[in-house]
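Peer 1: Next input, structure requested:
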Amino acid sequence: MALRCDLIVRDVTILDGTGAARFTGDVGVTGDRIAAVGDLGAASADREVIGTGRALAPGFIDAHTHDDRAVLCGPACMTCKISQGVTSVVVGNCGISLSPARFSTTPPPPLDLIGAEGWWRFGDFAEYAQALRKQGSEVNTYALIGHQTLRVEAMAGDVFRPAKDGEIAHMHSRLKAALAEGASGFSTGLYYPPNMHATTEEVIAVAEALRPTGGLYATHMRDEADRVCASIEETAKIGKRVGVQVHISHHKCSMPENHGRSTQTLPLLEAYARSQPLAFDMYPYPAGSTVLMPERVRDDTRIMITWSVPHPEMAGKDLKDIARGWNTDIKAAAEQLLPAGQITWQMDEEDVQRIMAHPLSMIGSDGIPHDAHPHPRLWGTFPRVLGHYSRGLGLFSLETAIHKMTGRTAETYGMVDRGTIKVGNYADLVLFDPATVIDLATFETPTIMSEGIEEVWSNGVATFRNREATGEKPGRLITRNRD
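Peer 2: Down below sits the predicted model:
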């Protein structure tokens, strides 16, 4: 009896997510799974898509996001991701997660990146997971629990000091419960004031909750500038002591005096990766974005404002121009803008390319979806890797680019049956034109949709087609090493 599918994509160039060479064939989907791969000439389907001249890859996995709130907000927030071919996002990064914490007022920066007053209503992770199930989402969500969130709750907001034993025990207990309820790991943001006062021993003590389930430890390290190598050593130590997978967020060598130091950091990371599970993500831009911190602004580094509560009209303007207009210096201007966000040009393009090309790397946007004038990575990360770095510069093959966005990420994060085009895997897929795919978002006009992404499916359901969201919400909660 001939195979009957819900969907067949025919005569398409298949990049299966493993890094293996591309091949031409057909892919059949039944329900939420891939039913067949190869020559499906004898098969039929309710819908057939002719993929001649196009490429089909596993749906892209955004390894680093701050989409905790965005995944609950529908197409208005998630079109920026599905229009890039993203089908799964990792939330709860940099120690910032929307659960498990219930706050009556907005918590201190950088937690305000993902939610203002009214959003901090998920008293445990089970409530957040239930909201995902009830409201649905365009993408699958893989959730980490943030140390900064746990600290603000356990320490009653008094976070600018090391935690006491009882507070550490409370954070450990909250993390353990969240993991039992479907969270996949633990993240820290040791660079930020609410988390930087945590000692290495505090982090290890809280992270011990990961050991029984083999959860993942992800970190925005304590320092990505002068002490970047010492921070890598601290990160590896934490992972080794707890015995879990370590993931370094948005690896970079920050500030002009550290440009070129990826020639030091990458061999160090390789050395640790030989003796323990360790990987990192990065974004394909020489500028980063986070909350505005006046004490860290510098005259030799360009800063653009992404949002400001007291001065929303300044979004998209350079801090130096604002300071000049106010007849003051940049630190004083930054203080007047608070609370606010920033884009900072702190990296060197040679480092960006060296880090991106490294075998341990994978791709994460680190986009901040609620900024008034966001970093263009929110809309352009994945097409930029494909179009600019792979096709344009020849930094690596298309097969390698896809692997860094799919199979490598799924394996590192323990996303079962995802990340590769294989019979039995979930049908997370993206159809794109490899000859034209490119990002169009810029720092000046950051919310422009990319070119070349033609259709996106999550769990077998189309979420993006004809350059618009379909309105479907087939996304699910993904839990590490669980089907």
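Peer 1: How much space separates residue 101 from residue 73?
Peer 2: 19 Å (Cβ to Cβ, to the nearest Å). Quick note: C-beta positions are derived from backbone N, CA and C, even for glycine.
Peer 1: okay, these two: which has more neighbours?
Peer 2: residue 101 (24 against 14; other Cβ atoms under 10 Å).
Peer 1: Correct me if wrong: the more buried one contacts residue 122.
Peer 2: Yes - Residue 101 lies in contact with residue 122 (Cβ atoms under 8 Å); the separation is 7.2 Å.
Peer 1: Parallel or antiparallel, which strands does whichever strand or helix holds residue 290 pair with?
Peer 2: Per DSSP states H and E: residue 290 is located in strand 288-291. Within its sheet, strand 288-291 is paired with strand 340-344 (antiparallel), according to DSSP bridges.
Peer 1: Please state the offset of the partner strand from the chain centre?
Peer 2: 18 Å (Cα atoms, centre = their mean, to the nearest Å).
Peer 1: Quick one: mean pLDDT over it.
Peer 2: For strand 340-344, the mean pLDDT works out to 98.
Peer 1: Over to stretch 62-79?
Peer 2: Per-residue scores along stretch 62-79 average to 95.
Peer 1: buried set for it?
Peer 2: 62-72, 74-75, 77-79 (16 or more other Cβ atoms under 10 Å).
Peer 1: List the neighbouring strands of the longest strand along the chain plus their orientation.
Peer 2: Ranked by residue count, the top strand of the chain under DSSP state E comes out as strand 4-14. If you go by DSSP bridges, strand 4-14 pairs up with strand 23-30 (antiparallel), strand 44-50 (parallel), strand 55-58 (parallel).
Peer 1: Now the second one: average pLDDT?
Peer 2: In this case it means strand 44-50. 98.
Peer 1: How about the last one?
Peer 2: Confidence over strand 55-58, taken as the mean pLDDT, stands at 99.
Peer 1: Not counting that strand itself, show me its contacts.
Peer 2: Contacts to strand 55-58, defined as Cβ atoms under 8 Å, 6 or more residues apart in numbering, come from residues 9, 12-17, 22, 27, 85, 87, 398, 402, 405-407, 410, 418-421, 425, 428-434.
Peer 1: are any of the residues you listed buried, and which?
Peer 2: Using 16+ other Cβ under 10 Å as the burial test, those include 9, 12-17, 22, 27, 85, 87, 398, 402, 405-407, 410, 418-421, 425, 428-434 as buried.
Peer 1: out of the residues you listed, which are inside helices?
Peer 2: Applying DSSP state H to the buried ones among the contacts of strand 55-58, the entries found in helices are 398, 402, 405, 407, 410.
Peer 1: Just give me the closest of those to residue 378.
Peer 2: Sorting those by how near they are to residue 378, with Cβ to Cβ, puts residue 405 at the top with 15.9 Å.
Peer 1: follow-up on the earlier one: any idea how far the longest strand of the chain is from the chain center?
Peer 2: With Cα atoms, centre = their mean, you get 29 Å for strand 4-14.
Peer 1: domain assignment for this structure?
Peer 2: As recorded under automatic domain parsing, the domains making up the chain are 60-286+346-415, 288-344.
Peer 1: Residue 347: what's it in contact with?
Peer 2: Contact analysis of residue 347 by Cβ under 8 Å, 6+ apart lists 252, 253, 254, 259, 285, 286, 287, 288.
Peer 1: Can you tell me which of the strands paired with strand 4-14 is most buried?
Peer 2: strand 55-58 (a mean of 27; mean count of other Cβ atoms under 10 Å).
Peer 1: Tabulate the strands paired with strand 4-14 (a markdown table), appending distance to residue 313.
Peer 2: Shown next, in a markdown table, are these (distance: least, Cβ to Cβ, whole Å):
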| stretch | distance to residue 313 |
| --- | --- |
| strand 23-30 | 48 |
| strand 44-50 | 46 |
| strand 55-58 | 41 |
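Peer 1: and of the ones you listed, who's closest to residue 445?
Peer 2: strand 55-58 (27.1 Å).
Peer 1: Just list the residues touching the residue nearest to residue 433 when sequence neighbours are not counted, thanks.
Peer 2: Ranked by Cβ to Cβ, 6 or more residues apart in numbering and with sequence neighbours excluded, the top spatial neighbour of residue 433 is residue 452, at 4.5 Å. By Cβ under 8 Å, 6+ apart, the contact set of residue 452 is 383, 386, 387, 432, 433, 434, 435, 436, 437, 438.
Peer 1: next one: residue 364
Peer 2: By Cβ under 8 Å, 6+ apart, residue 364 lies in contact with 62, 63, 64, 65, 90, 249, 250, 281, 282, 283, 381.
Peer 1: Tell me how far it lies from residue 382.
Peer 2: 10 Å.
Peer 1: got any residues that touch both of those two?
Peer 2: Counting by Cβ under 8 Å, 6+ apart, the residues touching both residue 364 and residue 382 are residue 62.
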